[in-house]
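Chemist: Everything below, folded, please.
(chains A and B)
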Amino acid sequence: AQSVSQHNHHVILSEAASLELGCNYSYGGTVNLFWYVQYPGQHLQLLLKYFSGDPLVKGIKGFEAEFIKSKFSFNLRKPSVQWSDTAEYFCAVIIGGSQGNLIFGKGTKLSVKP
Amino acid sequence: KAGVTQTPRYLIKTRGQQVTLSCSPISGHRSVSWYQQTPGQGLQFLFEYFSETQRNKGNFPGRFSGRQFSNSRSEMNVSTLELGDSALYLCASSLGGVRGQPQHFGDGTRLSIL
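Modeler: Next up, the predicted model:
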């Protein structure tokens, strides 16, 4: 079955540190890729998405992600994190012809120390 | 523009009962998807409705069902509740007409089974 793996369950960083959260998916065909963020007490929000074209995708709040097809990866990056980035981050995939079925990773909790 | 609205926000039921959850999508969105979020399993896809038809279905038992009305509002029903059904149930809507359109999530309904 198709799946999405997020390697880190909990990441703790100090402000201004660089961030990279790993995401790998298991599917050999066409995929649409997403990163969602859930701030404490808030609903899931879209950070960025990849459909096609430039594999380096810019999102909101200074986040970016790179789609590497050969590695089945879509890692999330931010050069300098802030305390307000403390949240849970979810990688998700829509595969093949499926339109409304997001397959989520288990999520990575990011804690940023001020 | 109003976001995705889910009602009720919290619900407490006992084993064997049934429950109906409601979701009003963003105006103009025709696709509504439902997800179950638990600490152990993470976010799992239940089903998706588009133009009143179920378009995709996840791996959940038949006790979980849904429907969509002509105004795109959707309801999810769970019958013969079990303790393991305790979860946050999330609804997401998207335009739905184009593959891979990002989904917008509601705040969820937290269901507790006693």
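
Chemist: make it CA atoms for all contacts and neighbour counts henceforth
Modeler: Will do.

Chemist: so who does residue B:44 touch?
Modeler: A:103, A:104, B:35, B:36, B:37, B:58 (CA atoms under 8 Å, 6 or more residues apart in numbering or on different chains).

Chemist: switch to 10 Å and redo it
Modeler: Shown in contact with residue B:44 (CA atoms under 10 Å, 6 or more residues apart in numbering or on different chains): A:101-106, B:34-38, B:58-60, B:89-90.

Chemist: Repeat that for residue A:87.
Modeler: By CA under 10 Å, 6+ apart, the residues touching residue A:87 are A:37, A:38, A:39, A:40, A:41, A:42, A:108, A:109, A:110, A:111, A:112.

Chemist: distance of it from chain B?
Modeler: 15 Å (CA to the nearest CA, to the nearest Å).

Chemist: Retrieve the pLDDT associated with that residue.
Modeler: Residue A:87 is assigned 97 on the pLDDT scale.

Chemist: Which members of the contacts of residue B:44 occur in strands, if any?
Modeler: A:103, A:104, B:34, B:35, B:36, B:37, B:38, B:89, B:90 (DSSP state E).

Chemist: Quick one: those as CSV, columns for distance to residue A:80 too.
Modeler: Output for the ones in strands among the contacts of residue B:44, formatted as CSV (distance: CA to CA, whole Å):
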residue, distance to residue A:80
A:103, 28
A:104, 25
B:34, 34
B:35, 32
B:36, 33
B:37, 30
B:38, 31
B:89, 33
B:90, 31
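
Chemist: and those residues, which two are the farthest apart?
Modeler: The two members of the ones in strands among the contacts of residue B:44 with the most space between them (CA to CA) are A:103 and B:89, at 15.3 Å.

Chemist: Looking at the two, which one has more neighbours?
Modeler: residue B:89 (24 against 21; other CA atoms under 10 Å in any protein chain shown).

Chemist: which residues touch that one?
Modeler: Contacts of residue B:89 (CA under 10 Å, 6+ apart): B:6, B:9, B:21, B:34-38, B:43-44, B:46, B:76, B:106-111.
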